[in-house]
Structures are given as C-alpha cells and as structure tokens.
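Novice: sequence plus predicted model, see below.
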Amino acid sequence: MRLTSFSAKLMRWITLSSSGLLFVFSIYITLIDSQVVFLDLLVLFTPYLVGLNFILGFGYALIRSKLLFIPLMALVLWFLVLGPFLVFTTGDENKSPEDISILSYNVMEFIGNYRDRPSDIQDKILDFVSAQDADILCFQEFASTRVSREKLSSYPYNFVYSPRGDKRFAPLSIFSRYPIISSGALDFENTLNNTIYVDVLVNADTLRIYNVHLQSMRIRPGSIKRENPINLYNRLGNTIERQKKQAGQILEHSRDVAHPVVFCGDFNNTQYSKVYRILKEDKEDSFLESGNGLGNTLLFKFLPFRIDYVLVDEELEISGHQNFDIRLSDHTPIKATFRFQNP
C-alpha cells in the first residue's frame, strides 16, 4: 500500500511538473520579452516534454483518471500557441512552371561531419546539390574553391561574400538562375556569423532572399562534458541574446523591402525559441506547410533539432518542402518550393 501511495504521488508530481513546464514555455516564448537563460535552454527539449505529456495523458485516459485533464490542457495550449514539431502533409500535387525552388545547406566548409571526413566530400556535396536542380542555392559556411566554382557554373548569377575580402573564405553565398539585381550584407558586430541578401528578378517580379547564419551555439558531441557547467550556461545565454539581436536586425532591415521576402538558412535555434519567432512573425514556414516527419536538420546524436528554415512572406504560396537524409556535413540540407500568389 505504501508503494502504491508513493507511486501515485510520484506520478502526480511528474504530471504537474511536465504540464506546468509546458504551460510556462508557452507563456514565456509568446508573452514575456525579458530573457531567462534557464528557460531559453530548456525549451530546446520541448518535443520531449510534449511526448511525455502525451504518454501521461494516454495513461490517464486508459485508467479514466481525472488527472487526464492536466496534460490535456497543457497539450492544447502548446498546440494552439507554439505549434507542432511533427507534421504530415501531402504537399501540392499540382506542380507549376511558375514554381521557384530554393535549397539551403550549411556545408561546413566542405570538410565533412564529425564522424566521417572523406577526401572527396566536396565533390559529393556539390554533386548532390547539382542533382536537386534548385533555382536558388543558399550556402552557409561555404568555401569558394576551384571545384565549387566549376560544379556551380550552371548558376550564372552569384553573390559570394567574404567579410575578410578573401573570396576563398566566403561563409555565406547565394547562387541563382535568376538575375541578381542588387545584393548586400548586414555584417553583424564582432562575429563571423552574418546575413547576406540579394534581390532576384523572376520574370516581371522581384524577390528578396536573405541567407541567414545566426550566432553559433558551438555545441559539439562530447564538448558539453568537457566544458565547465557555469561557463557553458553563461556562454549559451550570451549566444541566445546575440541571436535575438541579430534576428531583430534582420527583421528591421527587411521592413523597408517593397517586394516579397524570404528568410532561409541556419538559425542555430529551434522553432520553440524566441529567435525563431522574431524572424517568423507573419511568415509561413515551408516545413510546417509542406513538410513531413520531424524535419530535423542538425546531426546531434539522438536529439532531433530543426534549426534550418525557409520562411516566406504571405504573398508567396508554398508548394513543397523536402528534408534530405544526407550526412555529408553537420547539417542536412532543405529544399522549399513556392510561387507568387495569383493576384
């Protein structure tokens, strides 16, 4: 009897804690402007917290317990306020010649991922990219080499930007089959992370593309164990604060653009972060609209992190999204397809 009583109390504590955290996350991310580093880090694990609440709710439903309503209310709030992380869509079966495709890929300077660094990694990445036949390519952590220039020669227009003036060191680059009529960079302070942009001419329409690479977390498999916990906590808090500042800078810059805008690239944070919500604002997320599964893009052991995105203005209609399980970098590429809305 004592064990049963203890187990019941433990389950109630787990239920109240997990559901309470989900409530707190929903309120913190959407309504509170101030930064709480502890919560900013915990929200990275929102999918697991949602899963726990589903399991608890299902268990309470089986035994017909009134406690069912606690995780149920937390899940309803999560879904309505923060949105799902697991999606199943059919996409748009009616492909149009007016579709515009964009592929975003953090290629890690063509050196491979943390487990496998073959000598022909650059050829493999660029051959994969060429096979996707996207209209626009946005690379993060790019390296401009003879091989990359040759294999991307089918893209007549490009903006290969280097803050150091050395084209071989080009962390952000955009290649396009559409004419680039203007370009520029935001040049974030005191960092190699950056955002560049181009205006491309698509028939009679103009489209602004921002290639985004927000401040890196610099978390690598095994590195967390080696770093002092207090230093790690402070460093990640500072990184998230810088990401929010950079995201705000991008958003403010885009407000003066008179034509439709696309944000794509490596945001270095999840869809449950304030960073993502700053950039998403009223834009559509190609994965949530036309993707399937978890959509994770960062290879980090067993944790599914989706930190690469394509966000488009409402004037654009998303017609497709693809995630690729190709492990040639620490990120996996994404491809989105969209078109201008009919007037």
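Specialist: Alright, I've got the coordinates. Numbers count the residues shown, from 1 in each chain.

Novice: return the distance of residue 73 relative to residue 15.
Specialist: 11 Å (C-beta to C-beta, to the nearest Å). All C-beta spots, glycine's among them, are computed from the backbone N, C-alpha and C.

Novice: please say which of the two ends up with more neighbours.
Specialist: The neighbour comparison of residue 73 against residue 15 (other C-beta atoms under 10 Å) goes to residue 15, with 22 against 15.

Novice: the more buried one contacts residue 56, doesn't it?
Specialist: Yes. Counting by C-beta atoms under 8 Å, residue 15 does reach residue 56; the two are 5.4 Å apart.

Novice: what do these two both touch?
Specialist: Jointly contacting residue 15 and residue 56 under the rule C-beta atoms under 8 Å, 6 or more residues apart in numbering are 67, 71.

Novice: domain ranges for this protein?
Specialist: Following the assignment in automatic domain parsing, the chain carries domains at 2-83, 101-340.

Novice: can I get those domains in JSON lines including distance to residue 95?
Specialist: Formatted as JSON lines, these follow (distance: least, C-beta to C-beta, whole Å):
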{"stretch": "domain 2-83", "distance to residue 95": "27"}
{"stretch": "domain 101-340", "distance to residue 95": "7"}
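
Novice: same list, those domains, but as TSV with mean pLDDT please.
Specialist: Output for those, formatted as TSV (pLDDT from 0 to 100):
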stretch	mean pLDDT
domain 2-83	88
domain 101-340	90
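
Novice: which among the ones you listed is found nearest to residue 89?
Specialist: Nearest to residue 89 among the domains of the chain is domain 101-340 (5.3 Å), distances taken as C-beta to C-beta.

Novice: ok, longest helix in this structure?
Specialist: In the chain, taking DSSP state H as the definition, the longest helix is helix 2-31.

Novice: please state the offset of the helix or strand harbouring residue 288 from the chain centre?
Specialist: Element membership of residue 288, judged by DSSP states H and E, is helix 286-290. Counting by C-alpha atoms, centre = their mean, to the nearest Å, helix 286-290 is centred 12 Å from the centre of its parent chain.

Novice: paired strands for the very next helix or strand once past that helix, with orientation please.
Specialist: Tracing the chain C-terminally past helix 286-290 and defining elements by DSSP H and E, one meets strand 292-293 next. Sheet partners assigned to strand 292-293 using DSSP bridges are listed as strand 87-88 (antiparallel).

Novice: list of residues touching the strand it pairs with?
Specialist: Contacts of strand 87-88 (C-beta under 8 Å, 6+ apart): 287-288, 291-293, 295.

Novice: now the buried members of those residues.
Specialist: Buried by 16 or more other C-beta atoms under 10 Å: 287-288, 291, 295, out of the contacts of strand 87-88.

Novice: packing partners for the longest helix of the chain?
Specialist: helix 37-42, helix 46-62, helix 69-81, helix 274-280 (3 or more C-beta pairs under 8 Å, 6 or more residues apart in numbering; DSSP states H and E).

Novice: how about the first one: buried residues?
Specialist: The neighbour-count check on helix 37-42 (16+ other C-beta under 10 Å) flags 39-40, 42 as buried.

Novice: and stretch 245-258, by the same measure?
Specialist: Applying 16+ other C-beta under 10 Å to stretch 245-258 flags 246-247, 249-251, 253-254 as buried.

Novice: go on, stretch 63-79?
Specialist: So stretch 63-79, judged by 16+ other C-beta under 10 Å, has buried residues 65, 67-68, 70-72, 74-75, 77-78.

Novice: nearest to residue 236 among those?
Specialist: For the buried residues of stretch 63-79, the nearest to residue 236 is residue 78 (23.2 Å; C-beta to C-beta).
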